[in-house]
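# the amino acid sequence is not available; the structure is as follows:
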């Protein structure tokens, strides 16, 4: 079988091309003595060659001869780094194309070490031999063969090496048993033989089960922080999980050595480190006395809420703010049929912005309940969020994920700055929400309009919706169809919310999810008439805005009317909402209904009028008019 090597692959890989996936030939392969067994190689693209290091998982392939000197392989995953002033390719994933092949090309070594001794072992020894003066010997044999008119076939670099006589009978060199030197996390890389780190565990995940082509397995991870502020994630699989899961405790300091480093999977690892430690059977984990005050308990990289407006969707961030309000916890049905809890709260900070934070699962009943109790007592706690996930669905918001950590009133400088600002006037300062369909980059002082101006100025009839605030009262609410039955299943971390139909069996069915379930969700679809001193208009309020207006969930109101048939209590709740002044945050957009065009006005947020804040607004307006 003929093999075609990727031309100029060595130069491209050295220049940082990690997507090339080149086909190369293994010119030499040797076992090296490290704390764990590894194999080093020389790989060639036919015109240049380079030192390489095989990942541990290829040890068996090297031992069995599945990959050997002469093999042609395709590099699927690899990194290239400089070690001791020499470039080396670390092969993380490869495909063996030809097991044994004649040498392709002229075997010219990469210029960086063409004139040097090819020391495959770096400073390590191999049994009773050591590589010396390999490259010059290879050149000599090649030159002699060409001068004699012979073609060199199947040239094996190893065949020209003869160990010096003074090494022949001494046996293997004694293994270095000295303790590994403690280094900063930032200095870790896969090319070190012996290392150790001293770090504090800042987070610990649960054991997760998985199933793949290799069978069932389990895995858990924990995050580490050292005195230099370096962070890295450590991961354990299968038998290693049983060994370390109970031993690892959040907040404690450990001395860790003898693990392998691999590129971090950024889809699951939010830490600012390109590597991840994989603990193995040889790994040592020693708990240290918690006397090292130089290692902080947690590391934050806070961003202000105003910065979230420009943050990428699904990005992971740290934020801190004052909790203004919190909604009750509610049950959501996942697509797999399992139930989970969801609770939404509102955070504001000194940037003049506020954002919704969605708590999922255990966060609702743990930190969520503590926050609710504090707010119920008239306190407004500070909340620090470590590793929250940004969502741009219906405006920008932040949600918890499995690696998120919440800290209520943490002992941090940022907490004291927030508290001083909030108590000194920030509590009453207006803040602009970047959640619930808010347009990114909207001005802080959004436009205040009257009801008549919506029509007179033709708002909503442009290419983009108009966003205005109107101070008005609710004069009428339609009560026939104030809510709809919705699908409670989760699509990702968001409920489906599509309308569902009831089957003859009594179950509910969602056409979008193609599933049946016993309980559905109820979501507000309020049609209300609002008015001010200039006129009257109709608005639509969906779930969150409906809850802000009515003061209870759509399910509670539905049960009151249709199951308990308590018309008096139902009527009292509706009447309580009428003729109260609100600040309505409105989204105005012209929409097509068949051949007809209508301006649709949607309530995205409702606030009761704060007399103090409204007075400040009016005085400011009077001042501008006088000027």
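Cool, the structure landed. Computed from a prediction, not measured in an experiment: that's the story for all the values here.

# okay, now the unreliable bits of the stretch 251-400 of the chain?
291-292, 335-337, 394 (pLDDT under 70).

# what about the strands in it?
253-263, 275-288, 316-326, 330-333, 339-348, 353-360, 382-391, 397-399 (DSSP state E, counting those that start in this stretch).

# can you put those in JSON lines and add mean neighbour count and distance to residue 235?
Quick note: C-beta positions are derived from backbone N, CA and C, even for glycine. Shown next, in JSON lines, are the strands of the stretch 251-400 of the chain (neighbours: other Cβ atoms under 10 Å; distance: least, Cβ to Cβ, whole Å):
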{"stretch": "strand 253-263", "mean neighbour count": "19", "distance to residue 235": "9"}
{"stretch": "strand 275-288", "mean neighbour count": "16", "distance to residue 235": "5"}
{"stretch": "strand 316-326", "mean neighbour count": "21", "distance to residue 235": "17"}
{"stretch": "strand 330-333", "mean neighbour count": "17", "distance to residue 235": "29"}
{"stretch": "strand 339-348", "mean neighbour count": "19", "distance to residue 235": "25"}
{"stretch": "strand 353-360", "mean neighbour count": "23", "distance to residue 235": "23"}
{"stretch": "strand 382-391", "mean neighbour count": "22", "distance to residue 235": "16"}
{"stretch": "strand 397-399", "mean neighbour count": "23", "distance to residue 235": "23"}
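
# now for residue 586: which residues touch it?
Going by Cβ atoms under 8 Å, 6 or more residues apart in numbering, residue 586 touches 454, 467, 468, 469, 470, 539, 601, 602, 603, 604.

# the third one and residue 88, how far apart?
Spelled out, that is residue 468. 62 Å (Cβ to Cβ, to the nearest Å).

# and if you look at the second one?
Computed with Cβ to Cβ, the distance linking residue 467 and residue 88 is 56 Å.

# for the first one, same thing?
According to Cβ to Cβ, residue 454 stands 68 Å off from residue 88.

# for the last one, same thing?
Applying Cβ to Cβ, the value for residue 604 to residue 88 is 56 Å.

# okay, now the unreliable bits of the stretch 401-550 of the chain?
Within the stretch 401-550 of the chain, the segments meeting pLDDT under 70 span 436-446, 492-493.

# one more pass at 50, please.
Residues of the stretch 401-550 of the chain meeting the criterion pLDDT under 50: 437-445.

# can you give me the strands for it?
Under DSSP E, counting those that start in this stretch, the stretch 401-550 of the chain gives strands at 405-408, 432-433, 447-449, 466-477, 483-486, 490-491, 494-495, 501-502, 508-510, 515-517, 521-524, 526-532, 535-541.

# now tabulate those strands in CSV and tack on mean neighbour count.
Shown next, in CSV, are those (neighbours: other Cβ atoms under 10 Å):
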stretch, mean neighbour count
strand 405-408, 18
strand 432-433, 22
strand 447-449, 16
strand 466-477, 19
strand 483-486, 20
strand 490-491, 16
strand 494-495, 18
strand 501-502, 11
strand 508-510, 19
strand 515-517, 16
strand 521-524, 22
strand 526-532, 19
strand 535-541, 18
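
# to residue 619, which of the ones you listed lies closest?
Ranking the strands of the stretch 401-550 of the chain by proximity to residue 619 (Cβ to Cβ) places strand 447-449 first, at 13.8 Å.

# that closest one: partners in the sheet, and parallel or antiparallel?
Strand 447-449 has the following strand partners under DSSP bridges: strand 466-477 (parallel).

# could you check how far residue 303 is from residue 233?
Residue 303 sits 21 Å away from residue 233, going by Cβ to Cβ.

# so which of the two has more stuff around it?
Remark: of residue 303 and residue 233, residue 233 carries more neighbours, 22 against 18, as counted by other Cβ atoms under 10 Å.

# in whichever helix or strand the more buried one is part of, which residues are buried?
When elements are assigned from DSSP states H and E, residue 233 belongs to strand 231-237. The neighbour-count criterion (16 or more other Cβ atoms under 10 Å) identifies 231, 232, 233, 234, 235, 236 as the buried residues of strand 231-237.

# same deal with stretch 595-614?
Result for stretch 595-614 [16+ other Cβ under 10 Å]: buried residues 599, 601, 602, 603, 604, 605, 606.

# now those residues in a markdown table, with pLDDT, secondary structure and distance to residue 344?
Conversion of those to a markdown table gives the following (pLDDT from 0 to 100; DSSP: H, G, I helix; E, B strand; the rest coil; distance: Cβ to Cβ, whole Å):
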| residue | pLDDT | secondary structure | distance to residue 344 |
| --- | --- | --- | --- |
| 599 | 89 | strand | 29 |
| 601 | 93 | strand | 24 |
| 602 | 91 | strand | 19 |
| 603 | 91 | strand | 17 |
| 604 | 83 | strand | 14 |
| 605 | 82 | strand | 13 |
| 606 | 86 | strand | 15 |
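
# looking at those residues, spot the one nearest residue 334.
residue 604 (26.9 Å).

# hey, what's residue 75 bridged with?
Bridge pairing for residue 75 - DSSP bridges - gives residue 94.

# so where's the stretch 101-250 of the chain shaky on pLDDT?
If you take pLDDT under 50 as the line, the stretch 101-250 of the chain has these spans: 108, 110-176.

# which SSE is the spatially closest residue to residue 602 that is not a sequence neighbour in?
Using Cβ to Cβ, 6 or more residues apart in numbering and skipping the chain neighbours, the partner closest in space to residue 602 is residue 587 (4.6 Å). Using DSSP H and E, residue 587 sits within strand 581-593.

# report the buried residues of that strand.
Counting neighbours by 16+ other Cβ under 10 Å, the buried set in strand 581-593 is 582, 583, 584, 585, 586, 587, 588, 589, 590.

# now that strand, how far from the centre of its chain.
34 Å (Cα atoms, centre = their mean, to the nearest Å).

# quickly run through the sheet partners of that strand, with directions.
By DSSP bridges, strand 581-593 pairs with strand 466-477 (antiparallel), strand 596-608 (antiparallel).
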